[in-house]
Structure formats: C-alpha cells, structure tokens
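Got a predicted structure plus its sequence, pasted below:
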Amino acid sequence: MPTVVELMVHGVGGATPTEQLDDPSPSRVSGDATVGFYRHKSPPPGVAPDDALLGTGADVPGARSAEVRSELVQEAYCWSGLTSASASRAAWLILLPFTLVNAGAWMRPIGPPGRAFRFGRATHDAVSRLLALSLTGTFLLAAGGVGMDLIGWQCAARPECGSHWSVLEFLAAPGSWANPAGRRLALTALVPLALLGLLWFLARRSWVAYESVRFRVDVAEGDGGLSEPGFWEGEYQVGRLRTLHVSLGVVTVALMLTVPAVSVDGDLAGRVLMGVIIGVLALVVGATAAQGSTRGIPGLSLLRLAAFGVLVASVVYVLAPHDWPGPGHRLPGYGTLLMLWVAGQLVLLLVSLVAVTLIGRGSSGQMLRGFIAPVFAALALFFGIAYSAAVLTRVSDWLGHVEGTTEMLARPPAVVSWAAVAFGMEIVLIVLLVLFLVVRLTLRVRRGWSAVLTEYDAVPTGPSTPDSGPVAEVSSRARGQAKKIVRMREIATLTESAGRSLALLIAPLVLLGAYGVVTTLTSWATPPTPATYTAHSGVVTLLYNVGSWVVGVTAVGLVTLVWQAYRNEALRKVVGVLWDLGTFWPRAAHPLAPPCYGERCVPELVARITQLTEQGHGVVVSGHSQGSVLAAATLLKLPESQASRVALLTHGSPLQRLYGRFFPAYFSGVQLEQLARRLPWWRNLWRLTDPIGGPIDPVERHEPLRDPVQFFPTVHEVAYPPVRWHLDYPLDRAYGDELSAAAAAVRV
C-alpha cells in the first residue's frame, strides 16, 4: 500500500542514524557503510502509551511530531561519513586554504546581462582557477624552503648544524658524496616532490570515490545554476585540473633548483634553461585559465611530459659545477622567487576585483555587494602564506638553535618576517573587533531585555501553585532569562555583518602584502625587522614579536589539532563541520582540495527519491541546516514528474540568508522561486535566535517561531526553558503541524 515517507536529511555536525531516528539499532535499506538510508527495524512507535511518563517541560509540543510520524514511514539519510567519520579526515585541516579558494570560486555575483557581464564572468572563472593554481605553488615553495633552503643549503653547509642531526650527517660530512652544494639541492628537492606526490595520491583516491559517481536515473537539466547539465559530474574537469596542478608543482621544483644556480654565475645554459622553464610555466598558466566545465585543452599529457622534462634538465644543470657561495647565506634567489610569487597573487586579486565589478556593478542583496569572492580568495591566500610561514619558522628554530652556538644556523626566508608583522597586525584587529562586538552586544542586551518580558507577557512573578497562590519569582532569574534571549538574538544578527567583518580583517593584510612586495623587490632590501624602521620602531617591534610568536604557535597548534582530531571522535566531528560547509561545492577551481560530498549525495538522493515515487509513495523531504541545501540541490535535478510527488520542509535553513547572499549565482531568489514552482508544497521554519537559518521569500511561512516556546517554567518544572537557537526544530509544535500538511499534500 502506498505510503508517505519522511526523508530526513541532517545538517552539519555528523548526525548518526541512531540520533536521527531515535532508534538504537536502525536498519540500512540503501547505500553503504559510509553513506546510507536508514529506517526503524520494527514499525516506528506511535503515540506514547498511556502508562508512559510524558515530559513536562516547555518542549512537550514536540509530541505533535511523534503523533504525525506515527502515520508516516521515517527514513534518515546519513551523509556524515563523507566528512567526519574517518579518522583520516582530520588531516584535511592542512588543505583548508585549498577549500577556501575553491569555495570562493563559486561566489560569483549576478548582474545585468550584457557583454560586460559575459567578459567579467569568464575573467572571474579564469582568475579563480589561477588563484587556486598559485596556492599549490605556495605549498610547494614552502616545502622547498624547508628541504632545499633550510636543510640542504643552510644547515647541511655548516658542520655544527648538520652533524648535530644524525639524519643529516651524510649531507654535512665534508667527504660525503652528497656534500657538494648541487647534490645537496638535488637530493633535498625530494621534499617538495614528496609533498606533491602525497597531494596527488589523495586527490586521485578521492576522485575515484566522489567525482566518478554518475546519475543513473533521468534528471532535470536547465540552462544554468545547479540544474545545468553535468554540474554534479566533475570527473573529467577535476582530472584535467589535477594534471595541471601536478605540472605546476613539478615546474615549481624545477624553478627552485635552477634559480639558485643561475643567480650565482648566470651562464648561457642556465639562462636558456630558465627561459624554457618559464615558457612551460606560462603554458600551464594559460591552459589552467582556459579550462572550462565542459571543455578541455588538448595536449595536457604533453604539457605534463614537458614539465617533468624541465625538472630532469634542472637536476642535470644544478649538478654541474657552479661558483657556489660559502655557508652563512640564504639560498640564492629563493627569497626573490617567493616575493615574485606573492606579487603575482596580488595581481590576480586585483583582476578579480575588476571582474566582479564588471559582473555585478554593485549588485544589492549580495554579500559585500558581490565583492565577497575576492575577499574569500584573499583569505585563502593568507592562510596559505600563514601555513607556509609557520612551517618555515618552526623548522628554522628546530634546526638553527644548536647547543653551544649563539648564531642562528638556519634562518627562514625574508617573507616570513613580513608574515610575522601581518600576524601581529591581524591579532590587534581581531582583538579590537571582538571588543567592539562585545560592547555592542552588552549595550543592546541591557536596553532590550525588558522588551522581551513584554513580548512574552511575562512579569517577574511565577505561576500559581496549589494552596499558596502566586509565588514571587526571583527577579534576577527572570532578568537573566530575558537577557539570554536578547543575547542569542543579537548574536544571530552578526551573520548579516560577517562579510563586512571579514573584509575589515583582510583588507589591511592585502595592503601590507602589496607594500612588502613593492619595497622588497624595488630595493632588494631585507624584509621588515625592527631594525628596518626608526620613527615607529616600537610599534613595529611589538607587531613583529607578537606575530613571530603566533607564527610559531600556529605550526605546533595545527599539528596538535590534527593529531587530537585523529584520535578524538568528538573533536573530529567539530572539525568535520568545516568540511560540511566548505566541501559542498565541486572542485572546479582546486582539484587537490578535500572532495565534494555533493557529487556523491545529490545523485544518491535523486536516485532514492525517484525509486520511492516510482513505487507510488509520496515523499516529504525534511532538510535541516546544510541538509536543506542538499535537499534543494537534489530537487532542482529531479524531473517534473517526480517532483510533483515531493514536498519540502526546511528548518534552520541557510538557503537564502547565507547561500543566497554568498552564492547568488546558484541560490538567488530566482533559483529558489524556480524550485518552489516545481514542488506542490514547501514550508520553512526559522527562529530569531538562529544564527544560520532564516526566512525564504518564495515560501509562504515567514513569521519566526518563538524561542523558547514559553518564558517561565511550567508548573512541574524548575529550570527555565532552554533557548534552542539552531537545534531541535522537531520539538516545536509547528514542525508537527507542517509535517502533517506536507504529508497530506503528497498523499495519494
């Protein structure tokens, strides 16, 4: 007999089937151990029996949901295994810059159609891929700085440093076959090549598990947005980009080998080789810019072969005799190469600003009027530089401080000093921003708590109790409850200003980076240290010292966090929230980022809903938080014949409040209206205390739910009702009422 299935799609945080179904032993009916659909093993319990002890708190209306669900078939879709179940997912923290730059590529604004729009969109897409490519180079340059500069060039050249570390003795011993400078550089180039190999392996392995998933049923195809053909099938695009990023990594290592040798003697062979390497690098950059979602550039295999060819040539060249300087110097040309790399990234950011201006031209209703994309890209670049500076700082401290010596035996490159000042400035900005927000929140809570009492018709007296009449309520408790409600509402409003706060923190870093690049490259001066300045040396010294300390702690903290998340499942779920939010989008910009779970979830949800509707069942998709985003993406791909049997109930949904403003090209009001027209029924629940969920204009229900349901405890309770903010929407009576209406709309 056909029934109505409530298909629950959880949000971030790694919900389990047991938590979703409130069943200690649910049964998987589809999918696998990583991602699956689950039901109760036995028929779900109906309304609680008469002898059961019912709850007495303010959330008792949640019994309405249980009553409605007794007439439905509950099915839970658990996708948390893709982001937080495996312990190895903890290592994805290291790839956070790749995730950010990939997400930023999807933040393209929308604007009036025309030639400027088309040119701006093409430029934005190309620049996004190039910024992602440059981040891969940043990681390789940092690894090369550790292996080739700090270990192979500086530490191994000094017997007191190299002999101190037994693993480096074969490099430092004067009579060793590996001691000549060229051989040391060639051997330690294996460090960045090993990192590149690891990134390639992880990307290739996840590519097989995620991007190779295909739709196996009929789907709807539109002209653009999430419904465009091939949107969730990025197998070939990611494969092409991976080839280009690997080629870029190989060419970067070739540069780090060739630049020092050319810097010390500059012979004709070296200059010719440099020209060839730069030519191959230009081809990689051009091919990356020209890549598209449906088209590829021919000859990528030849380009990859050319990249490995110049690497072999650079190894041969660096092994040839050169007039190498003695110990006590940083690796020649390495610092200049780093600064030129950062200069290129700043130019790309400038081009991104121009592209967004051409596309949106100040579009309203979008985060930062459409300029959130370059801000997010700058954030990704900052994290990439921060990671690099942190690793270089810690390794130089580890190698350079040898007992019995007063001199620093291994010094990090000049750009690390710029990063230290940037870190110090960022700490000051964050402290000032937090203080401003705390003061503003305190003032608003102080002014607004009395209005909450009026809103709830609450007076500072409690309910009547038998034989004693009204009981005087402790006024401080009532005031504290009112302040808690106001505080949660005010914290929730910070979401609207998230873009401005982020821009406020990022803009000074970009300006400082531009200043550092210009001054360093034009004067070839050593980077900012307290001795560089005179008039403001006190401020610079403070920023430099604070930043240096933060840079060092960052490396240790990152390793500690990854290790603890690997061992601790609860912490791993917290870390998994980053990937729940950041890896929804396909890897269209950075193929080495953590994989996109949407490319597995959307085809799987489409297939399951199609199966249920073909069997004659009605389906109510209940999406919470990020689950509502997955639900929307799924239903936009569902054919009209299947969508007419599906109702949508969203709660705590960021579809319009966050995704519509951060990703307007894919979740604009037009896209949401299109989805609403395809469905027979859609309702949305939200609260003023929810910092993530919000109203959705095309949906009929606009008024927020009251949170908490009532102000004072009930007669049989002592504790005040909790403020639920983003959680536990099914406990509200409105959820049960809307679920009942949704089931009626799709019931045959």
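It's in. Residues are numbered from 1 along each chain as shown.

What helices and strands are in contact with the helix or strand residue 416 falls within?
Here residue 416 sits within helix 415-455, counting by DSSP states H and E. Contact here means 3 or more C-beta pairs under 8 Å, 6 or more residues apart in numbering; DSSP states H and E; on that basis helix 415-455 packs against helix 334-360, helix 372-400, helix 475-493, helix 498-523, helix 537-567. All C-beta atoms are positioned from the backbone trio N, CA, C, and that covers glycine.

a markdown table for those, including distance to residue 304, mean pLDDT and mean neighbour count?
Listed next are the helices and strands packed on helix 415-455 as a markdown table, based on distance: least, C-beta to C-beta, whole Å; pLDDT from 0 to 100; neighbours: other C-beta atoms under 10 Å:
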| stretch | distance to residue 304 | mean pLDDT | mean neighbour count |
| --- | --- | --- | --- |
| helix 334-360 | 21 | 89 | 20 |
| helix 372-400 | 23 | 84 | 24 |
| helix 475-493 | 49 | 86 | 18 |
| helix 498-523 | 30 | 81 | 16 |
| helix 537-567 | 31 | 63 | 17 |
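
Mind putting those into TSV with distance to residue 590?
TSV is the format used below for these (distance: least, C-beta to C-beta, whole Å):
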stretch	distance to residue 590
helix 334-360	14
helix 372-400	9
helix 475-493	32
helix 498-523	19
helix 537-567	19
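
closest to residue 736 out of these?
Residue 736 lies closest to helix 475-493 among those, at 23.4 Å (C-beta to C-beta).

List the residues that contact residue 696.
Each residue near residue 696 by C-beta atoms under 8 Å, 6 or more residues apart in numbering is listed here: 650, 653, 655, 656, 672, 684.

Out of these, which sit inside helices?
residue 672 (DSSP state H).

By neighbour count, which of the contacts of residue 696 wins?
Within the contacts of residue 696, residue 653 tops the neighbour count with 32 neighbours, counted by other C-beta atoms under 10 Å.

the bottom helix or strand of this protein by mean pLDDT?
Every helix and strand of the chain was ranked by mean pLDDT, DSSP states H and E. The lowest is strand 469-472, at a mean of 49.

Off-centre distance for stretch 345-357?
Put simply, stretch 345-357 sits 21 Å off its chain's centre (C-alpha atoms, centre = their mean, to the nearest Å).

What of stretch 368-382?
Relative to its chain's centre, stretch 368-382 lies at 13 Å (C-alpha atoms, centre = their mean).

ditto for stretch 324-332
Using C-alpha atoms, centre = their mean, the offset of stretch 324-332 from its chain centre is 40 Å.

list the buried ones in that stretch?
Across stretch 324-332, burial judged by 16 or more other C-beta atoms under 10 Å covers 324, 327, 330, 331, 332.

quick one: which helix or strand includes the closest residue to the last one other than its chain neighbours?
Leaving out its chain neighbours, the residue that sits closest to residue 332 by C-beta to C-beta, 6 or more residues apart in numbering is residue 263, at 3.9 Å. When secondary structure is defined using DSSP H and E, the element that contains residue 263 is helix 235-265.

Tell me the buried residues in that helix?
235, 237-264.

Please identify which helix or strand holds the residue nearest to residue 194 when sequence neighbours are not counted.
Using C-beta to C-beta, 6+ apart and skipping the chain neighbours, the partner closest in space to residue 194 is residue 143 (7.9 Å). Secondary-structure assignment from DSSP H and E places residue 143 in helix 115-144.

elements contacting that helix?
helix 96-105, helix 190-209, helix 235-265, helix 268-290, helix 334-360, helix 372-400.

would a markdown table of these with distance to residue 645 be doable?
Formatted as a markdown table, the helices and strands packed on helix 115-144 follow (distance: least, C-beta to C-beta, whole Å):
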| stretch | distance to residue 645 |
| --- | --- |
| helix 96-105 | 33 |
| helix 190-209 | 31 |
| helix 235-265 | 30 |
| helix 268-290 | 43 |
| helix 334-360 | 38 |
| helix 372-400 | 37 |
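
got the contact list for the nearest residue to residue 342 once chain neighbours are set aside?
Once flanking residues are discounted, residue 342 sits nearest to residue 517: 5.7 Å by C-beta to C-beta, 6+ apart. Counting by C-beta under 8 Å, 6+ apart, residue 517 makes contact with 339, 342, 343, 346.

Tell me if I'm right that the second one and residue 514 touch.
No - here residue 342 does not reach residue 514: they are 9.2 Å apart, not a contact under C-beta atoms under 8 Å.

thought residue 723 was touching residue 688?
No - counting by C-beta under 8 Å, residue 723 sits too far from residue 688 to count as a contact (10.3 Å).

Find the residues that touch each one of the two.
What both residue 723 and residue 688 touch, as defined by C-beta under 8 Å, 6+ apart, is the set residue 707.

thinking residue 478 is in contact with residue 458, fair?
Yes - under the criterion of C-beta under 8 Å, residue 478 makes contact with residue 458 at 6.8 Å.

Could you pull out the residues contacting both of those two?
By C-beta under 8 Å, 6+ apart, residue 478 and residue 458 have these common neighbours: 711, 712.

What about residue 422, how many residues nearby?
For residue 422, using other C-beta under 10 Å, the count is 25.

brain fart, residue 642
For residue 642, using other C-beta under 10 Å, the count is 23.

What number of residues are in the vicinity of the closest residue to it other than its chain neighbours?
Distances taken as C-beta to C-beta, 6+ apart place residue 613 nearest to residue 642, at 4.8 Å, with adjacent residues excluded. When counting by other C-beta under 10 Å, one arrives at 22 neighbours for residue 613.

did I read that right, residue 613 in a helix?
Yes - the assignment for residue 613 by DSSP: H, G, I helix; E, B strand; the rest coil puts it in a helix.
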